[in-house]
Structures are given as structure tokens and as C-alpha cells.
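In: A structural model of the following input is requested.
(2 chains)
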Amino acid sequence: MASVVSSLKSPSAGSSASAESRTSRVTRDSAWVRWTLTAVALLFLTGFLVLPLAAVFAEALRKGLGVYFHSLIESDALAAIRLTLIASAISVPANVVFGIAAAWAITKFQFRGKNVLITLIDLPFAVSPVISGLIYVLVFGLQGWYGQYLNAEHPWFPALQSWLVDQDFKIIFAVPGIVLATTFVTFPFVARELIPLMQAQGSDEEFAALTLGASGWQIFRHVTLPNIKWGLFYGVILCNARAMGEFGAVSVVSGHIRGETNTIPLHVEILYNEYNFTAAFAMASILALLAIFTLILKSVVEWRYAGSRAA
Amino acid sequence: MSIIAQNIKKTFGTYTALSGVDLNVPDGKLVALLGPSGSGKTTLLRIIAGLEFPDEGSGRIEFHGEDVTNVPAGKRGVGFVFQHYALFRHMTVAENVAFGLTVRKRKDRPAKSEIADRVNKLLKLVQLEALGKRYPAQLSGGQRQRIALARALAVEPKVLLLDEPFGALDAKVRKELRRWLRHFQDEIGISTVFVTHDQEEALEIADEVVVMNNAKIEQVGSPQEVYDHPATPFVYQFLGNVNKLQLPWRGMPADGDNSPVTDEVNKVAFVRPHELEVLRHRTGAETEGERVVVRSIQSAGSIARITVVRGSSEYIDVELSRQQLDELELIIDDSVLLRVRRSRTFAEDYAI
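Out: Okay, here's the model as predicted:
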């Protein structure tokens, strides 16, 4: 009753008072519902997220720290870590460039086929990673178009063909294929993050810089980039996490050659299939740590991002 | 610097934003482009600035006799101010103002101390010298727009272009800032074009008003001219309130600008609310008018507004001074005589 009286005083006081009374009624009347819901949520989180994560580390450390570290510095493991780092070190910067270019083109210019481009950017999200891998095998495999080019009698750019043959340059079942597949799968992250942000910001600041005599590069460097930096960083973090963890597409193009074309996720699978659980979980723990690190970084960026947007 | 725009056409797809517009801004004048939204005024301003270009094969822009039609925005020497300020949000106020100087090529760039001096002078000019270290988000709307103006002036532009500069501000600040702009423009004497849809704003501060509608210019003239002698029904209706009185009307005076009123050609006469007179009794032949009934009286403020009705459905707004209202002792449902002091008719039958 008190809340009804207070709500008559003024519209603003009324709305907050009635909101208060509504929440207090919910909390008072259905405490058991609240507790049940919380308990279910907690159980779910524990069962599906915390326990598996703990299990990864428990399994990895079951035979002690010595064995744990030993299985990480074993040469095939090191090769897998190195390959994962190489793949993401190439695909993440490539996607930063592609993503900024695509977002820039889509948000600052009007042109025909813009919606087609937006749809194409989402393509890697829409198709199964296995299909992405198969596309590359068909295009760049030795039985595919690339193989036909290598074996052609009258190819375009004969110099290129002979150089590729001399080098025995392989794309599929080799590092270039893994980089390509990783780049393809992670392509949307940066662009998807930037497009709505740049759309919301509009182009007035760029136009203002233009009338003040700034060149295209100066406008990008001094106006656009500082405005999108947190969004960009956010996209990079997500892109990197996916690049390092990608399994499906990479699995198709990799060929699973130990010590050569295995990334961390692929190496985990191989070790697991060999019943080498400790080593498998040790490798898996690296990915788990990466995930935790990514989540922490993501929260920090979100917090900064919100701050810079509010300003 | 005078600005001349000739035969400017601009279409966006199937939409015509400007259909062959000519504009002439005399040196040192403050010109308002006035019109409803969609009339093409902002497009014209952006074409003058070089942020848009006229359609292929049409149009020519001259600054002080020099053809700048194909000169990019950055090299035209224009200062542009946006409705929503467009300040660089991650830079301080001082960095914002200095931007146009710091992005210059090294050989054209003033020394750091010189830039700092110029920024200080400009901040003093817009009366915000204490705010150099703040960020745009920490300023009020009026302050932001003055900083945007200082930033535009830092590169010593030949012309100043303002796109609805007061549109995002509240009424009180808007009034203050537009008077300040008028004063400011008098002081520095730079040719200025500003876009607005607020007729009061245009009439108050512009030397010359360009009224636009439907991708065309309707009329160009001093505020007095366009208000007192509107060239078209559109201008008449856009600049201030107007009554359209159905003819015939007893005692309708001859049109001041045009041919005498003939009921055959003209179906309506345009009359402003203050050009009407309310009389209690018929006192002579020269005070002929129509019988009307008072429907509402709004007497708050310095001017009283009353609504009267002729016949059953022709509602007419009338403005009286408070003194007149008191002398007439009007009450609702009074029957009075309404006389037209001044009216305007247009030969063509415009549909608006």
C-alpha cells in the first residue's frame, strides 16, 4: 500500500517505487523458486563447465608435474605448439587487415553488391568447418585445380609452375593449407565486430578531418582507428581464440603428420586415440588456459570498451 | 571570398536532391539556406564544401572567380561545421582545434609553439580558453559547437559552411549562440553559408535568405524582402503563420505586390495573423469586413492569439496586442467584424 501512495507523488518516484515493490514481492513470495533456479544454474555450470575443466587439469597432472611438463616439451608436442602459433600469427593479422578493409568499405561507402559482401563475410559461420576444409582440398589439393596446374603442359606463368615444382610446394597436407583453412574459418570475427560499431559512429568525423585537409591515411590513423580500437581488440581476441582452437577445417587439410602438420587440437586427438591420456590432457590444458586467459582479457576489454563508449 | 554555384544538379538513384540550382554568395556576407527537410539545402552545402560532387556534366563552383568544381574538399579552403559537432572524441579540445595544422605536410606545418599559440588565440576567440585540456564528452552542446567552429577556423578557410549548426541545441542556447555567431561573423568578415530549417533563425541573423523547396530555390532576398514580399505561396507559408482566406471577401484590399484581386483568377488570399483587424461595430464604409464568431482566446504572453470562424468551418487565426484585446473586451461566441489590412494573392493556382 505504501508504494501505491508514493507512486502518486510524482511520475519518477512512482515508477521507481513500483519497480521496487515488484522486485520485493517476487523475492518475498517465491524464495524457493529463486533458490531452485539458482541451484539448477549452479549445478548446470558445475556439471558442464567447471567439472570438465577441472578434469582436464586433474588428468594432465595425475602423474605429477614432472610428467606434465615432460609431455609438453616432447618434440611432437613442441612442433604442434609451434604450428598453432604460426597459423594464428599469420591468420589473425590477415583477418585484421581484411576485417578493417571490409568494415571500412561497407560502412563508409555506398556501392552495388554491398549486401552480397555482408552475406559473404558471414559464410564461414554458416558452413560447417569440415566443408571449409574440403573446399580447400578440392581447390588446392594435388588432385584438385592446383594439382592440375602443376601437371599442365601449357600453364599460365610457366616460370611460376616450374618454381613451384622445383620447390615441391605443397598447400594441402602442409602448413600453407592449415593457415588458409584457419584464416577462412576465423574471417568474420573482426569484420563482424567492427561493422556495427562503425555504423553507429557514422562518417562525420572522417568528413570533418577531410575538410581540414587530412589525407586518407591520416584520417584512418588519427580518426577512425582510435575510435574503433577497443572493438578491434575485442575482435582480435575472439579471432585468436578460434584460430588456435580450430579443429574441423584444419583436420581436413592437415593430413595429421606428426611433428609436421599437427596443431594443438589435432595433436590432442591423436594422443587421446593412442590412450596416452596424460599427454593428451596436458596439451588440452594449454587450450584450456588459453580459453581462460581469453575470457579474462575479454572482460577487461568489455569494461574499457563500455567506459570509452560512455565517454 | 565570394561563392558562386551554377546549375548544380544532384540525384541519388532516382531521387532528385537538386535540380539545377544557382547560388551567389557575396563576399563577407552571412547567407542562410532555409527550407524544410528534403529540400536539398544540406546537399547544396556539401557540394560547395566538396563533400559531395554535382552530377556528371552539370554544375560549376567558383570561389572568388576561381573554378573549384573538381578540387577535393581538403584543398578548397572551407571550414565546415556539422550539426552534431563531429569533434574527434578521443582528442582533447586543443588537439581537436590543432588537427588541421598538425596533419599538414612537414614543410607547410607551423612549429609546435606556433600551433599552440594559434590554438590559444582561437579558443580565446570562441571564449573557451580554459577548456583546452578537456575532452569533447566533458563539454555542453553549445561549447562543443564553438570548439567545432574554432577547429574549422584554424586552417584559415576562405569560406565558412555550417550545416544546421544549432539544430542539436536546446532553445535558449540556440538563441544565444546564433546571436553570438552573427556578432562573430561581423567581426571576422568571412563569407558564411549556414543551413537551417528554422525560419526565425534565418530571418534573425542572415544578411540574405535563400528559401529552398523541392530541390529548387524559391526565392533569394534580405530577411525583410522574403518576409514582406514572398515570391511564391510556399515562401509565404514557410515564413511565419498564414491564413488562407476564401474569396470573395468584403473589403479585401488590393495586393501590394501584384495585380488587384480578381475573384475569377484567385480563389484564396494569403493573410498573416497580424494583418487582420477585429472591430466591434461597423463604423463607416471604409471599415468593410466579414462577420466572424470568436471561438478561442489565448491571452498569455505579449501577444494575444484569437481564433475566429467565418461561416461554419473557415477558421482564421488573428494576432492582437494585449491592449487591443482589453479594449475590445472579447468573449467567446462574440460576433465581430474582421477586416483585412494587407493581403497577398498569387496568379497561378498552386497546390500545396
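In: Going by neighbour count, list what's buried in stretch A:193-205.
Out: With burial defined by 16 or more other CB atoms under 10 Å in any protein chain shown, the residues of stretch A:193-205 counted as buried are A:193-195, A:197-198, A:201, A:203-205. All C-beta atoms are positioned from the backbone trio N, CA, C, and that covers glycine.
In: which pair in those residues spans the largest distance?
Out: Spatially, the most separated pair among the buried residues of stretch A:193-205 is A:E193 and A:D204, at 21.5 Å (CB to CB).
In: Where does the prediction get shaky in the chain?
Out: In the absence of a named chain, this looks at chain A. Along chain A, segments meeting pLDDT under 70 span A:1-29, A:307-311.
In: Oops, wrong one, chain B.
Out: B:255-266, B:282-287, B:347-352.
In: which bits of it sit near chain A?
Out: Counting by CB under 8 Å from any CB of the partner chain, chain B comes close to chain A at B:49-51, B:72-76, B:78-80, B:82, B:84, B:86-90, B:99-100, B:103-104, B:135, B:137, B:148, B:151-152, B:154-155.
In: Next to chain B, which bits of chain A? Give me the list.
Out: Checking chain A against chain B by CB under 8 Å from any CB, the hits are A:204-205, A:207-215, A:218, A:222-223, A:226-227, A:308, A:311.
In: can you rerun that using 6 Å?
Out: Within chain A, the residues that sit near chain B (CB under 6 Å from any CB of the partner chain) are A:204-205, A:207-208, A:210-214, A:218, A:223, A:226, A:311.
In: I'd like to know which of these is nearest to B:Y315.
Out: Among these, A:D204 lies closest to B:Y315 (CB to CB), at 43.1 Å.
In: Would you agree that closest one is in contact with B:A86?
Out: Yes: the pair A:D204 / B:A86 is scored as a contact, 3.7 Å apart, by CB atoms under 6 Å.
In: all helices of the stretch 101-250 of chain A, in order?
Out: In the stretch 101-250 of chain A, the segments counted as helices under DSSP state H, counting those that start in this stretch are A:114-126, A:129-140, A:145-151, A:158-167, A:175-186, A:188-201, A:204-211, A:216-219, A:225-245, A:248-254.
In: actually the stretch 101-250 of chain B, not the one I typed
Out: Remark: helices assigned in the stretch 101-250 of chain B by DSSP H, counting those that start in this stretch are B:112-125, B:141-153, B:171-188, B:199-205, B:223-228, B:233-238.
In: thinking again about what came up before, sort out for me which of the residues of chain B next to chain A are in strands.
Out: Those of those mapping onto strands are B:78-80, per DSSP state E.
In: Would you mind giving the residues you listed as TSV with neighbour count added?
Out: Converted to TSV, these look like this (neighbours: other CB atoms under 10 Å in any protein chain shown):
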residue	neighbour count
B:V78	27
B:G79	25
B:F80	28
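In: from the stretch 251-352 of chain B, which residue is nearest to chain A?
Out: Residue nearest to chain A within the stretch 251-352 of chain B (CB to the nearest CB): B:A300, separated by 24.8 Å.
In: Out of the helices of the stretch 101-250 of chain B, which gets nearest to A:G147?
Out: A:G147 lies closest to helix B:141-153 among the helices of the stretch 101-250 of chain B, at 59.4 Å (CB to CB).
In: Show me what the closest one is in contact with.
Out: B:79, B:81, B:85, B:87, B:93, B:96-97, B:122, B:126, B:128, B:136, B:165, B:168-169, B:173, B:177 (CB atoms under 6 Å, 6 or more residues apart in numbering or on different chains).
In: residues near the residue nearest to B:S140 when sequence neighbours are not counted, how many?
Out: Beyond its immediate neighbours in the sequence, the residue positioned closest to B:S140 (CB to CB, 6 or more residues apart in numbering or on different chains) is B:V173, lying 7.6 Å away. B:V173 is flanked by 16 other residues according to other CB atoms under 10 Å in any protein chain shown.
In: Quick check: B:V173 vs B:N96, distance?
Out: 20 Å (CB to CB, to the nearest Å).
In: burial count for the closest residue to B:R89 other than its chain neighbours?
Out: Distance criterion CB to CB, 6+ apart; nearest residue to B:R89, sequence neighbours excluded, is B:P136 at 5.5 Å. Residues within reach of B:P136, counting by other CB under 10 Å, total 21.
In: what about the spatially most central residue of chain B, distance to B:L160?
Out: Closest to where the C-alpha atoms of chain B average out (CA atoms, centre = their mean) is B:A202, at 3.0 Å. Look at B:A202 and B:L160: by CB to CB, they are 16 Å apart.
In: Could you do B:V292 as well?
Out: From B:V292 to B:L160 the distance is 49 Å (CB to CB).
In: Same check on B:D186?
Out: Per CB to CB, B:D186 is found 13 Å from B:L160.
In: A:E74 too?
Out: In terms of CB to CB, A:E74 sits 71 Å off from B:L160.
In: for A:T107, same thing?
Out: Taking CB to CB, one finds A:T107 at 29 Å from B:L160.
In: Contacts only, for the residue in the stretch 201-350 of chain B that chain A sits nearest to.
Out: Taking CB to the nearest CB, chain A has its nearest neighbour within the stretch 201-350 of chain B at B:A215, 19.5 Å off. Taking CB under 6 Å, 6+ apart, we find B:A215 in contact with B:16-19, B:40.
In: ok, B:P230 - how many residues close by?
Out: Count around B:P230 with other CB under 10 Å applied: 24.
In: Just give me the neighbour total for B:T92.
Out: With other CB under 10 Å as criterion, B:T92 counts 16.
In: and if you look at the one 10 residues further on?
Out: Here the number of neighbours of B:T102 (other CB under 10 Å) works out to 16.
In: tell me the secondary structure for B:F270?
Out: B:F270 falls in the strand class when you classify it by DSSP: H, G, I helix; E, B strand; the rest coil.
In: That one touches B:F346, doesn't it?
Out: No: B:F270 is beyond contact range of B:F346, at 7.5 Å (criterion: CB under 6 Å).
In: Give me the common contacts of those two.
Out: Counting by CB under 6 Å, 6+ apart, nothing touches both B:F270 and B:F346.
In: element containing B:V294, please.
Out: strand B:290-298 (DSSP states H and E).
In: Does anything pack onto whatever helix or strand comes next after that strand? Which helices or strands?
Out: Downstream of strand B:290-298, the first helix or strand assigned by DSSP H and E is strand B:303-310. Where contact means 3 or more CB pairs under 6 Å, 6 or more residues apart in numbering or on different chains; DSSP states H and E, strand B:303-310 is packed against strand B:290-298, strand B:314-321.
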